[in-house]
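*Asks:* fold the stuff below for me.
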Amino acid sequence: MPLTTQILAAAALARTIARRTGRGLYAGKTILSGNRVSEDGGNRSRRVWKPNAQPASLWSAALGRAVKVRVTAAALRNVDKAGGLDRYLLTSSPAELGGDKGEGLRAAVVEALVQRSRVESAMKENKTGVSESRTRV
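*Replies:* Presented below is the predicted three-dimensional model:
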């Protein structure tokens, strides 16, 4: 195979990986390629392995609602290990989240948590009648 054909094939594969992972939580999983080998003759033919991505609704406590997202089995396992979707989004690296959907969810969770802390501090301020900034020395 000529070098230019290999480069074009690699570029097409990179675009496929980037588009696919941008639409969900893939936990760093990408499309892999290799050979299918026959049992008898050892003949080889090219094939691809795609990530095990499934549509799922994951509960976000910070947002107070379920979020529909395409998620891989590995990402579901990571969500369980982290203790929920919110913790997974906040503790995972941007490379592991892998795209616009993950980053958008992280931003929404952070915004919801900031908003909740503002409301709680305002309620505490109204309850005591003194703001926290005035009580600090």
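*Asks:* can you list the low-confidence ranges for this structure?
*Replies:* 1-21, 128-137 (pLDDT under 70).
*Asks:* can you give me the helices in it?
*Replies:* Using DSSP state H, the helices of the chain run over 3-21, 73-82, 85-91, 94-97, 100-128, 132-135.
*Asks:* tell me who's in contact with residue 75.
*Replies:* Residues near residue 75 by CB atoms under 8 Å, 6 or more residues apart in numbering: 24-27, 29, 88. Quick note: C-beta positions are derived from backbone N, CA and C, even for glycine.
*Asks:* could I get these as JSON lines with neighbour count and distance to residue 80?
*Replies:* JSON lines is the format used below for the contacts of residue 75 (neighbours: other CB atoms under 10 Å; distance: CB to CB, whole Å):
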{"residue": "24", "neighbour count": "25", "distance to residue 80": "17"}
{"residue": "25", "neighbour count": "30", "distance to residue 80": "13"}
{"residue": "26", "neighbour count": "25", "distance to residue 80": "16"}
{"residue": "27", "neighbour count": "22", "distance to residue 80": "12"}
{"residue": "29", "neighbour count": "21", "distance to residue 80": "16"}
{"residue": "88", "neighbour count": "25", "distance to residue 80": "9"}
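*Asks:* how about stretch 104-113: buried residues?
*Replies:* If you call a residue buried by 16 or more other CB atoms under 10 Å, then stretch 104-113 has these buried ones: 105-106, 109, 112.
*Asks:* list just the nearest of those residues to residue 33.
*Replies:* residue 105 (29.1 Å; CB to CB).
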